[in-house]
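Visitor: Show me how the following folds:
(one chain, ligands or ions: 2)
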Amino acid sequence: LNRRLAEFGTTIFAEMSALAVRTGSINLGQGFPDADGPEEVREAAVRALRDGRGNQYPPGPGIPELRAAVATHQERFYGHLGLSCDPDTEVLVTAGATEAIAASLLALLEPGDEVIALEPYYDSYAAGIALAGGRRVPVTLRADPESGSYRLDLDELRDAVTDHTRLILLNTPHNPTGTVLSREELAEIARLACERDLLVITDEVYEHLVFEGEHLPLASFPGMRERTVTIGSAGKTFSFTGWKVGWVTAPPELVGAVRSAKQFLTYVSAGPFQYAVAEALALPDSYFTALRDDLRAKRDILATGLAEAGFTVFRPSGTYFITTDIRPLGHDDGFAFCRALPERAGVVAIPNAVFYDHKDQGAPYVRFAFCKQESVLRDAADRLQKL
Ligand code: PMP
Ligand code: GLN
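Guide: Ligands and ions are numbered 1, 2, ... in the order given. Next up, the predicted model:
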């Protein structure tokens, strides 16, 4: 393994899912739903396969039907904020958000460029920045147990920008903390990006999983449309994490740059699933509302169970993850805690320290996923009461 990747090894998600299988534990680690997405969308994939649509290389930027559906979806949900995009020049279909992130970083960074990311951050950010030869500059979201939430220190963010900063890599709703950045925070980030002439890659894969307030795309803020690469994914919104269909929306020049990188990573993404996701994006509003309401109820079940078991719970406003503090249980090392948890309680979780450069900052936090059947969440909550 070369020096760029040496520090990364195996992702925590693979490690913890293997541990769950090995120990027969309830897997609240890796974020994937235990119920597949809508039947009609699965049928759409089957129809595409059977009818010979997408069984050979689809077009590089993605099939026109999906690009049109992404543009229509953007207009439907964010048109009132002034957002729209041209399906032919401003949309790129990718192999999940993961490829969108990697391809964007590979396309937009010069070696040595600095990238500011909010710590704790999703693990592929650090690896993606490293692959592109960039330098990551973490700005730490601070846990505030009083309010049960995380705060972004805007002065810290401002101070992190140097003459070498090329871009900010943002994520809202935020994995793993469940933070949804506020209008004021986003406006300030937008102002900073414009002032310092920075690009922003914004990972909004949890855009439809917002339980309080609303999701505001960064691209809708003044001056941002032309400097923002927005990333979406069908994995979270439609509960098909195995399909690996994601997308980028950005102005033509930026989409073109990301496409240049993408074409030598995967060239194209699987064809039949693109047809199915095009149909999924056109599901009625009731689908999106039901998804959110269902996950909100699940959040509440798990949050209550975790609080009763003695964890300090950071109640997420979005995503399907709950971050907890394990110190009230008499522990302060999330890695050790998560490695022992299957044995102690038959549950698997993720130590948040993996999402930090400042490992000490993340040490006492542990993440649980709640995208599971209610009965599974109740079972997990019962098991955790033993701790
Ligand atoms: N970004 C974030 C914040 C995520 O949590 C995930 C994984 N769930 C991804 C990107 C990757 O998404 P995909 O599975 O579409 O590659
Ligand atoms: N994004 C999912 C999570 O945070 C997992 C994705 C993966 O396994 N790479 O749990």
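
Visitor: Got phi/psi on the residue of the chain positioned farthest from its centre?
Guide: Going by Cα atoms, centre = their mean, the residue of the chain most distant from its centre is Asp51, 32.8 Å out. Main-chain dihedrals, Asp51, degrees, to the nearest 10: phi -90, psi 0.

Visitor: Can you spell out which helices and strands pack onto the host helix or strand of Gly235?
Guide: Using DSSP states H and E, Gly235 sits within helix 234-237. Judged by 3 or more Cβ pairs under 8 Å, 6 or more residues apart in numbering; DSSP states H and E, helix 234-237 is in contact with helix 271-281. All C-beta atoms are positioned from the backbone trio N, CA, C, and that covers glycine.

Visitor: which element follows the helix it packs on toward the C-terminus?
Guide: Moving toward the C-terminus from helix 271-281, the next element (DSSP H and E) is helix 285-308.

Visitor: any idea which helix or strand carries Phe368?
Guide: strand 365-369.

Visitor: Can you get me the centre-to-centre distance for the helix or strand following that strand and its chain?
Guide: Once strand 365-369 ends, the next helix or strand along the chain (criterion: DSSP H and E) is helix 374-384. Using Cα atoms, centre = their mean, to the nearest Å, the mean C-alpha position of helix 374-384 is found 25 Å from that of the whole chain.

Visitor: Please list the residues outside helix 374-384 that contact it.
Guide: Helix 374-384 is contacted by residues 26, 28, 34, 297-298, 301-302, 304-306, 308-309, 311, 345-347, 368, 370, 372 when judged by Cβ atoms under 8 Å, 6 or more residues apart in numbering.

Visitor: Check stretch 56-65 too.
Guide: So stretch 56-65 is in contact with 54, 67, 87-88, 91-93, 247, 255, 259, 262-263, 267-269, 271, 274-275, 278, going by Cβ under 8 Å, 6+ apart.

Visitor: If we use 7 Å, what do you get?
Guide: 54, 67, 91-93, 259, 263, 267-268, 271, 274-275, 278 (Cβ atoms under 7 Å, 6 or more residues apart in numbering).

Visitor: Now list the buried members of those residues.
Guide: Buried by 16 or more other Cβ atoms under 10 Å: 54, 67, 91-93, 259, 268, 271, 274-275, 278, out of the contacts of stretch 56-65.

Visitor: What confidence value was assigned to the nearest residue to Ala345 once chain neighbours are set aside?
Guide: In this structure, Ala345 finds its nearest non-sequential neighbour in Arg383, 4.6 Å apart by Cβ to Cβ, 6 or more residues apart in numbering. What the model reports as pLDDT for Arg383 is 98.

Visitor: Under the pLDDT cut-off, which ranges of the stretch 1-150 of the chain? List them.
Guide: For the stretch 1-150 of the chain, no stretch has pLDDT under 70.

Visitor: Show me where it has its helices.
Guide: For the stretch 1-150 of the chain, the helices defined by DSSP state H, counting those that start in this stretch occupy 12-23, 39-50, 64-78, 96-108, 123-131.

Visitor: Which elements pack onto the strand holding Phe368?
Guide: Applying 3 or more Cβ pairs under 7 Å, 6 or more residues apart in numbering; DSSP states H and E, one finds that strand 365-369 contacts strand 321-325, helix 334-345, strand 350-351.

Visitor: does any part of it sit near ligand 1?
Guide: No: counting by Cβ under 6 Å from any ligand atom, ligand 1 is not contacted by strand 365-369; separation bottoms out at 9.6 Å.

Visitor: and if you look at stretch 241-254?
Guide: Yes: using Cβ under 6 Å from any ligand atom, we find that stretch 241-254 touches ligand 1 at 241, 246.

Visitor: Contact distance from ligand 2 - what residues of the stretch 201-350 of the chain qualify?
Guide: Going by Cβ under 6 Å from any ligand atom, none of the residues of the stretch 201-350 of the chain are near ligand 2.
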